[in-house]
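Engineer: Sequence and predicted model, in that order:
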Amino acid sequence: MFGVGPATRTYLAAGTTDMRKSFEGLYGLVRDQLELEPLSGHIFIFSNAQRNRLKLLFWDGSGLWVCAN
């Protein structure tokens, strides 16, 4: 489990995301489409077209986490 501080923001990506994407693909979406810094320590949430799957991308200071539900 990762810790979330009071300055941590949560961003929800609009639209649908290909759930086959892993670290590199989600990192690219944050950087290029959301125009945010993936290594900022904020949480980025992505959803599939049916809205029944989620992926979170989070930088904890030592590595990227990809959490799927």
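Structural biologist: Now that the structure is in, tell me what you want to look at.
Engineer: so how far is Trp65 from Ala14?
Structural biologist: 22 Å (CB to CB, to the nearest Å). To be clear about C-beta, it is placed using only N, CA and C from the backbone, and glycine gets the same treatment.
Engineer: got the residue ranges for the strands in this protein?
Structural biologist: 10-12, 43-47, 54-59, 64-68 (DSSP state E).
Engineer: buried sites along the first one?
Structural biologist: By neighbour count on 16 or more other CB atoms under 10 Å, the buried set for strand 10-12 is empty.
Engineer: Could you do stretch 59-69 as well?
Structural biologist: So stretch 59-69, judged by 16+ other CB under 10 Å, has buried residues Trp59.
Engineer: do the same with stretch 19-30
Structural biologist: Taking 16+ other CB under 10 Å as the criterion, stretch 19-30 shows 19, 21, 25-27, 29-30 as buried.
Engineer: how near is the residue nearest to Ala13 when sequence neighbours are not counted to Pro6?
Structural biologist: The shortest distance from Ala13 to any non-neighbouring residue, by CB to CB, 6 or more residues apart in numbering, is to Phe46 (4.9 Å). To Pro6, Phe46 is 24 Å away according to CB to CB.
Engineer: again with Ile45
Structural biologist: Ile45 is 19 Å from Pro6, by CB to CB.
Engineer: same deal with Val30?
Structural biologist: 21 Å.
Engineer: Next: Ala49.
Structural biologist: 33 Å.
Engineer: Settle it for me: which of these two has more neighbours?
Structural biologist: More neighbours surround Ala49 than the other of Ala49 and Pro6, with 11 against 4 (other CB atoms under 10 Å).
Engineer: Give me the pLDDT value at the more buried one.
Structural biologist: As predicted, Ala49 sits at a pLDDT of 95.
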